[in-house]
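Trainee: here is a sequence together with a model predicted from it:
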Amino acid sequence: MQKGRELFIDTTYLLPFLQMPIRVKGFNLSDFRKFVAKLSRIHVSELSVYEAKAKLLRMPRSRGGYGSMLSTFGENLNVLRADAKFVLRAYTEETDRRFNQLVTVAKRLDAFDLIILSEASMVGNFLTEDTDILSFRDSEQFAETPPFNSMEIQSWKDVRLQ
């Protein structure tokens, strides 16, 4: 990972910023912090904020730290919004144009995946654990669909090996 690189992250990688645990093979917070320190900007969809809150509400209330995660969610979000390194991306006309382009070739992706992939395509580098998106990345349709085919879509396993 070259220093100064911009990266779009999916909801999974937003969760640690909101003090929420993730289950990704080989992931640890220390390595993630080092990885993030090398980035110049981190982009995330506003849609991922809503998804993160929904994930929090689906957690068992008895889980250690649940109350703290619930009460600090908004505070943590404000910290991210104030951080110049962090970019929360809204759904725009360009997102919609790319969404409409993708919907015809990425039939296995749901609307949320299409939105996130459309927004990520404007950054060019995308970190995700979504198996449907990773499968699309490896497909002929992806290889034949500009501007998506010029994107670098990776999982944590991929970036750890660099």
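Mentor: Happy to help now that I have it.
Trainee: the residue of the chain positioned farthest from its centre and Ile22: what is the separation?
Mentor: The C-alpha centroid of the chain is most remote from Ser62, which lies 27.1 Å away (CA atoms, centre = their mean). Applying CB to CB, to the nearest Å, the value for Ser62 to Ile22 is 19 Å. C-beta coordinates here come from the backbone N, C-alpha and C atoms, glycine included.
Trainee: what's the neighbour count on Asn149?
Mentor: Asn149 is flanked by 12 other residues according to other CB atoms under 10 Å.
Trainee: what pLDDT does the residue farthest from the centre of the chain get?
Mentor: You'll see Ser62 listed with a pLDDT of 74.
Trainee: element containing it?
Mentor: Per DSSP states H and E: Ser62 is located in neither a helix nor a strand.
Trainee: make 11 the starting number, not 1.
Mentor: New numbering, starting at 11: the last item is Ser72.
Trainee: now it. Its backbone dihedrals?
Mentor: Here is the backbone geometry of Ser72 (degrees, to the nearest 10): phi -80, psi -10.
Trainee: Leu62: what's it in contact with?
Mentor: For residue 62 the amino acid is Ala, not Leu. By CB atoms under 8 Å, 6 or more residues apart in numbering, the residues touching Ala62 are 21, 24-25, 28, 30, 83.
Trainee: ok, now with 6 Å
Mentor: Ala62 makes contact with 21, 24-25, 28, according to CB atoms under 6 Å, 6 or more residues apart in numbering.
Trainee: and it, what are its phi and psi?
Mentor: Residue torsions, per degrees, to the nearest 10, at Ala62 are phi -60, psi -40.
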